[in-house]
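> need a structure here:
(2 chains)
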Amino acid sequence: MEKRLLTLTVNGQEYELYINPKTLLVEAIRDHIGLTGTKRGCDTVSCGACTVMINGMSVKACSVLAMQADGARITTVEGLEVNGKLAPIQEAFLDQGAYQCGFCAPGMLMSAQALLNENPNPTEWEIREGIEGNICRCTGYNSIVRAIESVAKGKYTEVKS
Amino acid sequence: MINDFNYLKPDTLKEALAMYAEHDDCKVICGGQSLLIVMRQGMISPEYLLDIKHVTELDYIKFDKKDGLRIGATTTHREIEKFNVIKKNYPVLVSMENKLASIQVRNWGTIGGNLAHADPAGDPAPVLIALKANIRVGGAEGDRTILLEDFFVNYFETALNKGELVLEVHVPPPEPKMGAAYQKFNLLESDMGIVAAAASVTLNDKGKCKDARIVLGNAGATPKRIKRAEELLIGKAYDENLFAEAGKIASEDCEPVADIHASEEHRRHLLGVLTKRMLKKAWEKARS
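I've put the predicted structure just below:
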């Protein structure tokens, strides 16, 4: 096995890593780059705690080889905040009590943001569909849906600016 | 824990096929949404991994009224789901994709990988077979097209020869007065189906059944056509008793196995009910 060079941009910062090609994207982000916001949950594409964006698309980083993200733009939960201020979706999660134990939150936030990027005015059903790949074992789904809804309704527009 | 492997990353299809022919003990990864799970479980540990995710030649969707629909192997589920021409001409494909796993999986997982993995619980195969799809496969020596229903040989086993990749799925043009429907039974919306049924019905000018297909998912080692029930429908008029009879045949002819999710008996019952409902739904769509 030969180590390979991987170049990727994470939250606007460029990284060059020498990695074993079997390294998963979640391992590259957490163990090599040191951004531990992204969580490792089930490791079998079920729970969604490891959700990040590759070129704006939500994926589960536990089931993507890091090498497949070569040259890509990765956004993790650490990349949501803007100029040191929490993103609207993060503020809304706080206000609505959508963080309970907090383990699913990084993945939930990424799925929520990906949904809002694609569909700024989702219905409640579309919100529930948008987070279908994320499991909250505290079962705090209603507060999470409320948080996403409140951002969609423009409650946090001034935070954005 | 994934075992070490040598990583091969071709830039073109030609290069990919050459590499695949050259290396023994080589597995192909595209989205890897199924493959990485079985690798992590230690069920397979290939010496080489051939990554075709970025072979853009196979990332396309083409539609022509005469030729039908052609989807390249590395097209993601999400691209299919979001493609308006598919929504208009093959709505059943979009509604199936919409319920396939989660958005994250559909964003990265591909149609070619899903079919090549040959999990009998996979969603696309029963629907595509109900739509009479073909699959084009090829290696360094050339390519060939086979019926998708002949592609599946056994659990996780396909008709692919050594050195062959899935290249393209071809769905014939939609026939007038044809309707299709698919439903899986599961506990979580984004789960794989405990069982599933796809049906397509084509009507003649008199509104009678000209052609029908019933394809069951997770009802045996491969997606399973229930030909005895299909034949029963030919030439008949709309009749709910007929659908119930077809459902009964489906529950007799299917070959599901029991597992932690459902007993064999329960699966047979569900497959009968789903067959009945999907035939009715497909027929109503064919009429409208």
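> Show me what residue of chain A gets nearest to chain B.
A:G133 (2.5 Å; Cβ to the nearest Cβ). Just so you know, the C-beta spots here come from the backbone N, C-alpha and C atoms, and that holds for glycine as well.
> For burial, what's the neighbour tally of that residue?
24 (other Cβ atoms under 10 Å in any protein chain shown).
> Same check on A:L80?
20.
> Checking the residue nearest the centre of chain A next. Helix, strand or coil?
With distances taken as Cα atoms, centre = their mean, A:M110 lies nearest the centre of chain A, 2.9 Å away. Secondary structure state of A:M110, per DSSP: H, G, I helix; E, B strand; the rest coil, is helix.
> mind listing what it touches?
A:51-53, A:58, A:75-77, A:80 (Cβ atoms under 8 Å, 6 or more residues apart in numbering or on different chains).
> Low-confidence stretches in chain A?
A:158-161 (pLDDT under 70).
> Near chain B, which residues of it? Just list them.
Within chain A, the positions near chain B by Cβ under 8 Å from any Cβ of the partner chain are A:1-2, A:4, A:20-22, A:24, A:43-45, A:48, A:51, A:54, A:57-60, A:63-65, A:67-68, A:111, A:114-115, A:129-130, A:132-134.
> Give the PyMOL command for selecting the buried subset of these.
Typed into PyMOL, the line below selects the buried ones among these, using 16 or more other Cβ atoms under 10 Å in any protein chain shown:
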select buried, chain A and resi 4+20+21+22+24+43+45+48+51+54+57+58+59+60+63+64+65+67+68+111+114+115+129+130+132+133+134
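> The residue of chain A closest to chain B and B:L100 touch, don't they?
No. Counting by Cβ atoms under 8 Å, A:G133 stays clear of B:L100, with 11.2 Å between them.
> Need the residues that contact stretch B:215-224.
Against stretch B:215-224 from outside (Cβ under 8 Å, 6+ apart): B:118, B:120-123, B:125-127, B:129-130, B:149, B:152-155, B:184, B:192-199, B:225-226, B:250, B:253-256, B:267, B:271, B:275.
> if we go to 7 Å?
With Cβ atoms under 7 Å, 6 or more residues apart in numbering or on different chains as the test, stretch B:215-224 has contacts from B:120-121, B:123, B:125-126, B:129-130, B:152-155, B:184, B:193-198, B:225-226, B:250, B:254-256, B:267, B:271.
> So which bits of it are buried?
B:215-220, B:222-224.
> quick one: that stretch to chain centroid distance?
Taking Cα atoms, centre = their mean, to the nearest Å, one finds the center of stretch B:215-224 at 10 Å from the center of the full chain.
> what mean pLDDT does that stretch have?
Averaged over stretch B:215-224, pLDDT sits at 97.
> can you tell me the distance between the two ends of that stretch?
5 Å (Cα to Cα, to the nearest Å).
> what does stretch A:10-30 give?
Stretch A:10-30: ends 11 Å apart by Cα to Cα.
> So which of the contacts of stretch B:215-224 are in strands?
B:152-154, B:184, B:195-198, B:225 (DSSP state E).
> Would you map the strands across chain B?
So, for chain B - with DSSP E - the strands run B:6-8, B:26-29, B:48-51, B:61-64, B:68-72, B:134-139, B:142-147, B:152-154, B:157-158, B:165-171, B:178-185, B:195-203, B:209-217, B:224-225.
> ok so, going back, for the nearest residue to the residue nearest to the centre of chain A once chain neighbours are set aside, what are its contacts?
In this structure, A:M110 finds its nearest non-sequential neighbour in A:T51, 4.3 Å apart by Cβ to Cβ, 6 or more residues apart in numbering or on different chains. Shown in contact with A:T51 (Cβ under 7 Å, 6+ apart): A:58, A:60, A:107, A:110-111, A:134, B:104.
> try 6 Å
A:58, A:60, A:107, A:110-111, B:104 (Cβ atoms under 6 Å, 6 or more residues apart in numbering or on different chains).
> As JSON lines, those with distance to B:D239 would be great.
Below are those laid out as JSON lines (distance: Cβ to Cβ, whole Å):
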{"residue": "A:S58", "distance to B:D239": "46"}
{"residue": "A:K60", "distance to B:D239": "46"}
{"residue": "A:G107", "distance to B:D239": "49"}
{"residue": "A:M110", "distance to B:D239": "50"}
{"residue": "A:S111", "distance to B:D239": "45"}
{"residue": "B:Q104", "distance to B:D239": "43"}
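> tell me which of those is nearest to B:I71?
B:Q104 (20.6 Å; Cβ to Cβ).
> Measure how far the longest helix belonging to chain B is from the centre of its chain, please.
Using DSSP state H, we find that the single longest helix of chain B is helix B:264-287. Centre-to-centre, helix B:264-287 and its host chain are 18 Å apart (Cα atoms, centre = their mean).
> ok, now stretch B:78-91?
Worked out by Cα atoms, centre = their mean, stretch B:78-91 lies 15 Å from the chain centre.
> ok, and does it reach over to chain A?
No. Figure legend: stretch B:78-91 not in contact with chain A (Cβ under 6 Å from any Cβ of the partner chain); closest approach 7.7 Å.
> so for that stretch, what's the average pLDDT?
The model assigns stretch B:78-91 a mean pLDDT of 97.
> re earlier: identify all contacting residues around the longest helix of chain B.
B:177-181, B:183, B:185, B:195, B:197, B:199-201, B:203, B:214, B:216, B:219, B:238, B:243-244, B:246-248, B:250-251, B:254, B:256, B:258.
> gap between the residue nearest to A:M110 and A:K85?
22 Å (Cβ to Cβ, to the nearest Å).
> do B:C209 as well
63 Å.
> Can you name the residues of chain B sitting close to chain A?
B:2, B:4, B:7, B:33, B:36-37, B:53, B:102-104, B:107-108, B:189-190.
> Contacts only, for residue 113.
I went with chain A, as the question did not name one. By Cβ under 6 Å, 6+ apart, the contact list for A:Q113 reads A:I89.
> think we crossed wires, I meant chain B
Counted by Cβ under 6 Å, 6+ apart, B:G113 has contacts B:30-31.
> One more pass at 7 Å, please.
B:30-31, B:34.
> Would you format these as TSV with neighbour count and pLDDT included?
Formatted as TSV, the contacts of B:G113 follow (neighbours: other Cβ atoms under 10 Å in any protein chain shown; pLDDT from 0 to 100):
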residue	neighbour count	pLDDT
B:C30	31	98
B:G31	26	97
B:S34	23	95
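> B:K208: neighbour count?
Neighbour number of B:K208 under other Cβ under 10 Å is 13.
> my guess is it contacts B:A237, does it?
Yes. Between B:K208 and B:A237 a contact is recorded at 5.4 Å, counting by Cβ atoms under 7 Å.
> and for stretch A:14-30, what are the contacting residues?
A:1, A:3-8, A:10, A:32-33, A:35-36, A:38, A:40, A:50, A:52, A:61-62, A:64-67, A:69, A:76, B:2, B:4-5, B:7.
> Right, I'll leave it there.
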